[in-house]
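Chemist: let me see the structure of the following:
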Amino acid sequence: MKKLLIALCMLPGMVLASSGGHLDHVAIDLSDKESLKRGAQTFVNYCLSCHGADYVRYNRIGRDLGMSDEEVTAMISTRDAKGDPSKPGELMKVAMNNDYAKTAFGTKIPGLSVIARARGADWLYTYLRTFYVDESRPTGVNNIAFPDVGMPHVLWELQGLQKAKFVTETDADGNEQKIFEGMELVVPGKMKPEEYDAYVADLVNFMVYMGEPMQMERKSLGVWVLLFLFVFTVIAYLLKKEYWKDVH
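Modeler: Residues are numbered from 1 along each chain as shown. Model prediction:
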């Protein structure tokens with residue numbers, strides 16, 4: 001038990017260390033519905049073929065983003081083997097089963113419904129932007145935020161291919177370690193770096209929304225709850241004084 005607690009305490013530091021000592025920050029704005037729509041389209045086009053989002057329904061996204069069922073079907077629904085689109089009330093499931101995933105990628109493909117809550121928006125943003133060429137890996141790429149990841153770089157045509165620059169440093173104990181310094185673009189993509197960063201930011205924005213669709217409603221409701229508690233506290237205090245005035 002003691003070892004488990006120590007490992008859990010060390011986990012945040014391990015995540016930071018794997019990303020080169022820092023995570024790149026991304027601004028999340030769940031009130032930006034256009035950003036969420038763009039992120040939803042990217043998620044369906046590039047992520048949903050392998051990763052499911054089994055806790056999210058298409059029509060829930062449509063309702064939150066102000067889209068009709070027809071718009072949801074046209075913009076963000078997937079199609080089955082017959083070419084029929086997903087029904088608006090269906091969950092965002094993926095056709096790939098675990099057996100095929102293990103054969104193709106060597107492991108079960110995780111669902112992404114709550115990945116933003118588990119990893120954090122900054123980690124996702126850093127991860128999706130720090131794939132680099134590594135011929136020793138089966139997919140030909142590696143990742144700064146997730147070393148030796150089994151996932152291929154599905155957005156490489158947009159970002160291009162980049163090479164990671166490392167320097168070797170020796171610590172006080174004489175152990176050598178590679179320190180990540182930055183990226184060098186070796187094959188340009190369809191997007192400029194700043195365009196790709198904005199594209200990924202929209203995707204991460206949607207994934208944060210997907211992890212808790214009611215987040216904006218919860219925060220709005222929280223203001224009214226606090227206001228009610230404040231008013232109730234005043235009333236309760238005055239009532240207490242009225243009940244206890246004869247005692248004191």
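Chemist: in this structure, which helix is the longest?
Modeler: helix 215-244 (DSSP state H).
Chemist: so, low pLDDT: which residues of the protein?
Modeler: Scanning the chain for pLDDT under 70 picks out the ranges 1-21, 80-81, 95, 97-98, 101-106, 248.
Chemist: what's the longest helix of the chain packed up against?
Modeler: Contact partners of helix 215-244 among helices and strands, from 3 or more Cβ pairs under 8 Å, 6 or more residues apart in numbering; DSSP states H and E: none. For the C-beta atoms, the positions are set from N, CA and C on the backbone; glycine is no exception.
Chemist: A helix includes W123, no?
Modeler: Yes. Assessed by DSSP: H, G, I helix; E, B strand; the rest coil, W123 belongs to a helix.
Chemist: skip the chain neighbours and tell me the closest residue to it.
Modeler: L23 (5.7 Å; Cβ to Cβ, 6 or more residues apart in numbering).
Chemist: pull out the buried positions in the longest helix of the chain.
Modeler: Using 16 or more other Cβ atoms under 10 Å as the burial criterion, none of the residues of helix 215-244 qualify.
Chemist: from the chain's centre, how far out does it sit?
Modeler: Distance of helix 215-244 from the chain centroid (Cα atoms, centre = their mean, to the nearest Å) equals 35 Å.
Chemist: strands of the chain, start to end?
Modeler: Under the criterion DSSP state E, the chain contains strands at 53-57, 91-92, 131-133, 141-143, 160-170, 176-188.
Chemist: would you turn these into CSV with mean neighbour count and distance to A40?
Modeler: Compiled in CSV, the strands of the chain are given as follows (neighbours: other Cβ atoms under 10 Å; distance: least, Cβ to Cβ, whole Å):
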stretch, mean neighbour count, distance to A40
strand 53-57, 18, 10
strand 91-92, 20, 10
strand 131-133, 21, 22
strand 141-143, 20, 24
strand 160-170, 14, 24
strand 176-188, 12, 27
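Chemist: just put these in CSV and tack on distance to G111.
Modeler: Shown next, in CSV, are the strands of the chain (distance: least, Cβ to Cβ, whole Å):
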stretch, distance to G111
strand 53-57, 5
strand 91-92, 9
strand 131-133, 21
strand 141-143, 19
strand 160-170, 28
strand 176-188, 29
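Chemist: out of these, which gets nearest to M207?
Modeler: strand 53-57 (8.8 Å; Cβ to Cβ).
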